[in-house]
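Q: Any chance you could fold what I've pasted below:
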Amino acid sequence: MSMLRKIGFALAATLLSVAGSAQAQRRADAGAVRQDRAPGEPVTFAGARQYDMVSASTGRAYRIYLSIPASPPPPAGYPVLFVTDGDTNFIPAAIQSRLQVGEGVAPAVIVGIGYPDNDRLNRRNLDFTPPTPAEHVPPGLRDAWLNKQTSFGDAEPFFRFITQEVRPFVAAHARIDPANQALFGHSLGGLFTVQTMLAHPGAFRSYIASSPSLWWNDGELLKSPAHARAMKQQRLLVTVGALEQSTDQLLLPIGHDRDVMIATIKLARMVDNARELVGSIPSDGGSGNVALLEITPANFHAGNLSASIGRALRFAFSPPSDAGSAGK
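A: Numbers count the residues shown, from 1 in each chain. As a prediction, this is how the structure comes out:
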């Protein structure tokens, strides 16, 4: 297998994997009678609801997770954070939202957008990416794409689903502020967040891109900076782990080739790409833009997700003096 193909496989690896196993257990009772342990009950998250809906924009089914503050809404309505990869990111975001109310962050409606099936990797590949030429699909995914086992390029229909279908659905369940809504995404979800900001400025008040996969499509988003330079009144926070581009502290997953991983890290340029993106957005003069880069210390790709969720809420829903700042 060529080095390029190996790199493609590494870039295509998903963070959203779930491994688990179940095993029956027994114990002795009075030294003579054995009985099965109680099976327990499914875990539920208090104060949250989930709904399945089929999108008119994409033709596919989604699972919508919804957390509404217990306190009454302010006169303008609750702020709203829309969270992609909702199956994994909704609960951490909802928990952080509730905890940070005591730290000056406004109570917010948290909306997780996920999937009702187990095909989440392929679903997010399709929903989070722009149309991508075959030669720019990572080699590790190209065969699956050619064999119609995975697809790409539906970011625009997915955007319409969020703004034209999910947003009214949420408004029917809670009084929300149309002028104070934010979009959060990590990895490919971060790529989707950035391209949404560039293609639809003003669709959200704030955009938070955690470890965005700006390498996708041969770095096309970074090759067309005209949209970024023309931006006005936009608020963007980009976060990236300090170790995402490091090869000195490489933690090699079992079964992965060290040379391939080093080449993959260098090709992805996670920190450099994030810095380049933020640097391309005017944030002074009369632009009215806020464009921040935060490099979270001692974090790789997955660790930066955890660090970014709470920061996203502070950036989006704290008073301006408390939202924080960072250098480019």
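
Q: avg pLDDT for the host helix or strand of residue 98?
A: Secondary structure from DSSP states H and E places residue 98 in helix 86-100. In this model, helix 86-100 has an average pLDDT of 97.

Q: Also compute the angle for the helix or strand just after that helix relative to helix 86-100, please.
A: For helix 86-100, the following helix or strand on the C-terminal side (DSSP H and E) is strand 109-114. For strand 109-114 against helix 86-100, the angle by axes from the mean of the first three to the mean of the last three CA atoms, to 10 degrees is 160 degrees.

Q: and strand 109-114, what's its mean pLDDT?
A: Computed over strand 109-114, the average pLDDT equals 98.

Q: Pull the residues that contact the helix holding residue 98.
A: 16, 45, 47-48, 63-65, 67, 69, 81, 83, 105, 107-108, 110-115, 120, 184, 186, 305-306, 309-310, 312-314 (CB atoms under 8 Å, 6 or more residues apart in numbering). C-betas here are computed from N, CA, C, even on glycine.

Q: Mind checking which of the residues you listed are buried?
A: 63-65, 67, 69, 81, 83, 105, 107-108, 110-115, 120, 184, 186, 305-306, 309-310, 312-314 (16 or more other CB atoms under 10 Å).

Q: what about dumping the CA coordinates of the helix or strand containing residue 294 to CSV?
A: Per DSSP H and E, residue 294 falls inside strand 290-296. Taking C-alpha atoms only, strand 290-296 is exported to CSV below (Å, rounded to 0.1, in the frame of the first residue of the first chain):
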residue,chain,number,x,y,z
VAL,A,290,-14.5,39.0,16.2
ALA,A,291,-12.2,36.2,15.1
LEU,A,292,-10.3,34.3,17.8
LEU,A,293,-7.9,31.4,17.8
GLU,A,294,-7.4,29.4,21.0
ILE,A,295,-4.8,26.7,21.2
THR,A,296,-5.8,24.5,24.2
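
Q: Please enumerate the helices of the protein.
A: 3-12, 86-100, 120-127, 139-146, 155-160, 167-173, 188-199, 216-223, 226-229, 258-268, 270-279, 301-317 (DSSP state H).

Q: quick one: low-confidence parts of the stretch 201-328 of the chain?
A: 225-230, 284-286, 321-328 (pLDDT under 70).

Q: make it 80
A: Where the stretch 201-328 of the chain drops to pLDDT under 80, the residues are 224-232, 249-256, 260, 283-287, 320-328.

Q: rewinding a little: same list (the helices of the chain) but as CSV, adding distance to residue 287.
A: Shown next, in CSV, are the helices of the chain (distance: least, CB to CB, whole Å):
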stretch, distance to residue 287
helix 3-12, 33
helix 86-100, 29
helix 120-127, 30
helix 139-146, 37
helix 155-160, 23
helix 167-173, 26
helix 188-199, 14
helix 216-223, 19
helix 226-229, 9
helix 258-268, 29
helix 270-279, 13
helix 301-317, 18
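
Q: Quick one: closest of these to residue 236.
A: Residue 236 sits nearest to helix 188-199 of all the helices of the chain, at 6.1 Å, using CB to CB.

Q: Contacts only, for residue 252.
A: Per CB under 8 Å, 6+ apart, neighbours of residue 252: 258, 261.

Q: Quick check: the gap between it and residue 245.
A: 16 Å (CB to CB, to the nearest Å).

Q: cool, and residue 112?
A: Counting by CB to CB - residue 112 and residue 245 are separated by 29 Å.

Q: Counting neighbours, what do you get for residue 256?
A: 16 (other CB atoms under 10 Å).

Q: mind pulling up the phi and psi values for it?
A: The phi and psi values for residue 256, taken as degrees, to the nearest 10, are phi -100, psi 150.

Q: need the longest strand for the protein.
A: strand 176-186 (DSSP state E).

Q: what's the offset of that strand from the middle of its chain?
A: Strand 176-186 sits 13 Å away from the centroid of its parent chain (CA atoms, centre = their mean, to the nearest Å).

Q: the inter-axis angle of that strand versus helix 120-127?
A: Going by the same axes, to 10 degrees, strand 176-186 makes 110 degrees with helix 120-127.

Q: show me what contacts residue 125?
A: 141, 150-152, 188.

Q: For residue 85, see how far away it is.
A: 12 Å.

Q: repeat for residue 302
A: On the measure of CB to CB, residue 302 and residue 85 end up 12 Å apart.

Q: Same drill for these two, tell me which one is more crowded.
A: residue 85 (25 against 14).

Q: can you give me phi and psi for the more buried one?
A: Torsion angles, degrees, to the nearest 10, at residue 85: phi 50, psi 50.

Q: Could you find the closest non-adjacent residue to it?
A: residue 189 (5.3 Å; CB to CB, 6 or more residues apart in numbering).

Q: hmm, back to that, hey, C-alpha coordinates of the longest strand of the chain in CSV?
A: In CSV, the C-alpha atoms belonging to strand 176-186 read as follows (Å, rounded to 0.1, in the frame of the first residue of the first chain):
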residue,chain,number,x,y,z
ILE,A,176,-35.9,31.5,21.5
ASP,A,177,-34.0,34.6,20.5
PRO,A,178,-33.6,34.7,16.7
ALA,A,179,-30.7,37.2,17.1
ASN,A,180,-28.6,35.1,19.5
GLN,A,181,-27.9,31.7,18.1
ALA,A,182,-24.6,29.8,17.6
LEU,A,183,-23.3,26.8,15.7
PHE,A,184,-20.8,24.4,17.1
GLY,A,185,-18.9,21.6,15.3
HIS,A,186,-15.8,19.5,15.9
